[in-house]
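Colleague: 3D model of this:
(2 chains)
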Protein chains: 2
Amino acid sequence: MAKSVTYHAVPGIPLIAPGDDLAALVVESLNTAQLPLISGDIVVVAQKIVSKAENRYVALKDVVPSEKARTLAGQIGKDPRYIEVVLSESEEVVRHRPNIMIVAHRLGFVMANAGIDQSNIEHVNGEERVLLLPRNPDAAATELKTRFDTAFGVNVGVVINDSFGRPWRNGVVGVALGAAGLPSLLDMIGAPDMFGRPMQMTEIAVADEIAAGASLLMGQAAEGLPVVVVRGLAFDAASRPASALVRPRERDMFR
Amino acid sequence: MAKSVTYHAVPGIPLIAPGDDLAALVVESLNTAQLPLISGDIVVVAQKIVSKAENRYVALKDVVPSEKARTLAGQIGKDPRYIEVVLSESEEVVRHRPNIMIVAHRLGFVMANAGIDQSNIEHVNGEERVLLLPRNPDAAATELKTRFDTAFGVNVGVVINDSFGRPWRNGVVGVALGAAGLPSLLDMIGAPDMFGRPMQMTEIAVADEIAAGASLLMGQAAEGLPVVVVRGLAFDAASRPASALVRPRERDMFR
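Modeller: Numbering: from 1, shown residues only, chains lettered A, B, ... in the order given. Sure, this is the predicted structure:
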C-alpha cells in the first residue's frame, strides 16, 4: 500500500473575533466534523484567525504617521497611516516601489507590508482597521498544541501559516510563521544519498512545505477554511520552531 | 464531511536510466500498487527521474572549462568543469560566494547551480557525471499527461518538481519546474473577499504548493519515492504551464 498523507479542511470554523478562545472553537469544530485529532497529526491554522483572536487590529484613525512614513507613502502610493503601521512592525525596509513595500518584519520574515492585511478586514462603523501578524507565532502555535494535546489526549504538531510572495517567481505560496511539535527545519546533514555519499542538500523546510500544502485547501479567502489537519506525516527529528526557518541577516545574499 | 486532499507516494518506481520509458514505468507501478489514476488527479514526478530518462548526464571529463568558469571556480571553490556546465545552462550569474552560486537558468528559474545535481549521481567506472534539468519541463509534463490520460482513460494533471533554496529563509522547498493540465498560477483578480471587497492577493502559485506538498512525501533521497499522486484538488481555471511561475526579469526587484 502506498505511503500517504491526507489534508482535511475543517468545516464549520466560525468567524473569529478578538478574545475568542480559538483553541476551544477549533476543538469544537473538529468534534462536530467527527475528525478527532490523533497523535502525529499536524494542525495548520491560518495566521489571520490567530491574529483576530489576539485582537491584533489597529484602527487607522488612531495612527499618526511619522515623517518617514509620509515620504514612503508618497513614493509607494498608499495611505501614510497604513505605511506607519507597517513600519512599526518592521526592522528594515528592504525594497519599495509604487504599490510594493518589502520589509523585514520584527520577527525576521522578509515579506510584503509586514504581513499586514487589508483584505478580509471588517470595517466597523465605517472605520478602517488593519490586522497585524500574531505577537509571537511560535508561542501561539505552542499554546494551541498544548490545548489540542489536552483536549484529545494526543501529541500533535501545529503550524500557523500565511501566504508570501517571493522573489523571482510569480504567485504567493503558504509559509510557516509559527510551529510547535514538529521539526520545522529538517536537517539532512550526514544522511547518505542512494549511493552512499553525503547529500548536498542539507536542510528541508518541512513546516513551509506543510504550510503550502494546507494553503491549497484554505484556498480563496471566500471559502473560509482556515484550519487544516494533516494526517500521515511522521518525523523522528526533534521539534524546531518556525523561527528556525528565518535566515539570519548576515547569511543573506539578497539584502 | 471535511474537504480533503490525499498525497499517495507511488511505491516500486525502479531506478531510471537513460532511454527508459518513464511514463510506462510509472503506469506499471501505479497498476501494481492498485492506484489507478482518476480524472482530476495530479501526478507529481521528481525532476531527477525525468532528467535521467532524458539522458541529461554530462561527463565532467568531456568538459573544457572556459576562462570565466576557471575564474568563478577559484572564487567559489568548485571544480572548473562543474562550473562550466552550470554556466552552459545559465543566462546570468546572480550571486556567488565560496561554495554558493545562484544563477538564472536558461528557462528563467533563479536557483543554485542551475539545478545541476551532484548527489545521487552514479559514478560509472569511476567517471564523474552530473545531471542537468530536463530540456523542457513543461513539454515533458505535457507528454507524461498525455500518456497517463491514455493509459487510464482519464484527464489528469502533471507537475515536475525540484527542491529550491530561497532568499531569506532556511531550507529547501518543493517547486514546480514543469506542469500540464492544471492552472500553475491561479488568478484571483476580481474574486471578492469574505466581505465583498476585491482581494489584495492576486495570484496563487498552485503548482508550487502542490510541488511542496509532494516533496514532503518524496522526502530523503534515500527513500526513493520520486512519484506522488495528489487526489482531491479541483480547479475550474484554465491550465497554465509552470513557465507562468517565472517572474520576468523586468519585474524582478532582487537582481
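
Colleague: By residue count, tell me the biggest helix in chain A.
Modeller: In chain A, assigned by DSSP state H, the helix with the most residues is helix A:137-152.

Colleague: Say whether chain B is contacted by that helix.
Modeller: No. On the criterion Cβ under 8 Å from any Cβ of the partner chain, helix A:137-152 is out of touch with chain B, staying 14.2 Å away. C-beta coordinates here come from the backbone N, C-alpha and C atoms, glycine included.

Colleague: Quick check: next helix or strand after that helix?
Modeller: strand A:157-164 (DSSP states H and E).

Colleague: Which strands border that next one, and is each parallel or antiparallel?
Modeller: strand A:42-46 (parallel), strand A:173-180 (antiparallel) (DSSP bridges).

Colleague: how about the ones you listed, which one is nearest B:Leu177?
Modeller: strand A:173-180 (14.9 Å; Cβ to Cβ).

Colleague: Grab the CA positions of that closest one and hand them over as PDB.
Modeller: This file holds the C-alpha atoms of strand A:173-180, laid out as PDB (Å, rounded to 0.1, in the frame of the first residue of the first chain):
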ATOM      1  CA  VAL A 173       2.700  30.300  -1.500                       C
ATOM      2  CA  GLY A 174       1.900  29.100   2.000                       C
ATOM      3  CA  VAL A 175       4.700  29.700   4.500                       C
ATOM      4  CA  ALA A 176       5.000  28.800   8.200                       C
ATOM      5  CA  LEU A 177       5.100  31.800  10.600                       C
ATOM      6  CA  GLY A 178       4.900  29.700  13.700                       C
ATOM      7  CA  ALA A 179       5.200  26.000  14.600                       C
ATOM      8  CA  ALA A 180       5.300  23.600  17.600                       C
END
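
Colleague: Now the residue of the stretch 51-200 of chain A found nearest chain B: closest residue in space that isn't a chain neighbour?
Modeller: At 3.0 Å from chain B, A:Gly171 is the closest residue in the stretch 51-200 of chain A, using Cβ to the nearest Cβ. Take A:Gly171 and drop its neighbours on the chain: the residue closest to it by Cβ to Cβ, 6 or more residues apart in numbering or on different chains is B:Ala205, 3.0 Å away.

Colleague: Just confirm A:Asp208 is within a helix.
Modeller: Yes. Counting by DSSP: H, G, I helix; E, B strand; the rest coil, one finds A:Asp208 located in a helix.

Colleague: re the thing from before, just checking, what packs against the longest helix of chain A?
Modeller: Applying 3 or more Cβ pairs under 8 Å, 6 or more residues apart in numbering or on different chains; DSSP states H and E, we find helix A:137-152 packed against helix A:22-32, strand A:42-46, helix A:47-53, strand A:157-164, strand A:173-180.

Colleague: just the angle between it and strand A:42-46, please?
Modeller: For helix A:137-152 against strand A:42-46, the angle by axes from the mean of the first three to the mean of the last three Cα atoms, to 10 degrees is 130 degrees.

Colleague: and helix A:137-152, which residues are buried?
Modeller: Of all the residues in helix A:137-152, those buried under the rule 16 or more other Cβ atoms under 10 Å in any protein chain shown are A:137-138, A:140-145, A:147-149, A:151-152.

Colleague: Adding pLDDT, write those residues out as TSV.
Modeller: Converted to TSV, the buried residues of helix A:137-152 look like this (pLDDT from 0 to 100):
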residue	pLDDT
A:Pro137	98
A:Asp138	98
A:Ala140	98
A:Ala141	98
A:Thr142	98
A:Glu143	98
A:Leu144	98
A:Lys145	98
A:Arg147	98
A:Phe148	98
A:Asp149	98
A:Ala151	98
A:Phe152	98
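
Colleague: before we move on, the earlier item: show me which of the strands paired with strand A:157-164 has the highest average neighbour count.
Modeller: Ranked by mean neighbour count, the strands paired with strand A:157-164 are led by strand A:173-180 with a mean of 30 (mean count of other Cβ atoms under 10 Å in any protein chain shown).

Colleague: Geometric centre of chain A: which residue is closest?
Modeller: For chain A, the residue nearest the mean C-alpha position is A:Asn161 (2.6 Å; Cα atoms, centre = their mean).

Colleague: which secondary structure elements does the lowest-mean-pLDDT helix or strand in chain A contact?
Modeller: Using mean pLDDT, DSSP states H and E, strand A:186-187 stands out as the lowest-scoring helix or strand of chain A, at a mean of 90. Judged by 3+ Cβ pairs under 8 Å, 6+ apart, strand A:186-187 is in contact with strand A:203-204.

Colleague: The strand it packs on and chain B, are they touching?
Modeller: Yes. Part of strand A:203-204 sits near chain B under the criterion Cβ under 8 Å from any Cβ, namely A:203-204.

Colleague: next one: stretch A:58-76
Modeller: No. Stretch A:58-76 is not in contact with chain B by Cβ under 8 Å from any Cβ; minimum separation 12.9 Å.

Colleague: Tell me, please, where in chain A the pLDDT is lower than the cut-off.
Modeller: A:1-2, A:118-124, A:189-201, A:220-223 (pLDDT under 70).

Colleague: Would you mind giving the domain segments of it?
Modeller: A:6-55+A:134-251, A:57-131 (automatic domain parsing).

Colleague: Endpoints of the last one, how far apart?
Modeller: One end of domain A:57-131 sits 5 Å from the other (Cα to Cα, to the nearest Å).

Colleague: what distance separates it from the middle of the whole chain?
Modeller: Domain A:57-131 has its C-alpha centroid displaced from the chain centroid by 18 Å (Cα atoms, centre = their mean, to the nearest Å).

Colleague: Correct me if wrong: A:Asp162 contacts A:Gly115.
Modeller: Yes. Contact criterion Cβ atoms under 8 Å: A:Asp162 and A:Gly115 qualify, at 6.0 Å.

Colleague: For A:Glu128, grab the count of nearby residues.
Modeller: Neighbourhood size, A:Glu128 [other Cβ atoms under 10 Å in any protein chain shown]: 16.

Colleague: Show the contacting residues for the nearest residue to it once chain neighbours are set aside.
Modeller: Spatial nearest neighbour of A:Glu128, excluding adjacent residues (Cβ to Cβ, 6+ apart): A:Leu60 at 4.5 Å. For A:Leu60, the contact set (Cβ atoms under 8 Å, 6 or more residues apart in numbering or on different chains) comprises A:79, A:81-82, A:85, A:127-130.

Colleague: Dump the residues you listed to a markdown table, plus secondary structure.
Modeller: Below are those laid out as a markdown table (three-state DSSP):
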| residue | secondary structure |
| --- | --- |
| A:Asp79 | coil |
| A:Arg81 | helix |
| A:Tyr82 | helix |
| A:Val85 | helix |
| A:Glu127 | strand |
| A:Glu128 | coil |
| A:Arg129 | strand |
| A:Val130 | strand |
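
Colleague: Just the buried residues of these.
Modeller: A:79, A:81-82, A:85, A:128-130.

Colleague: that older thread, against A:Arg166, how distant is the residue nearest to A:Gly171?
Modeller: Separation of B:Ala205 from A:Arg166 (Cβ to Cβ, to the nearest Å): 8 Å.
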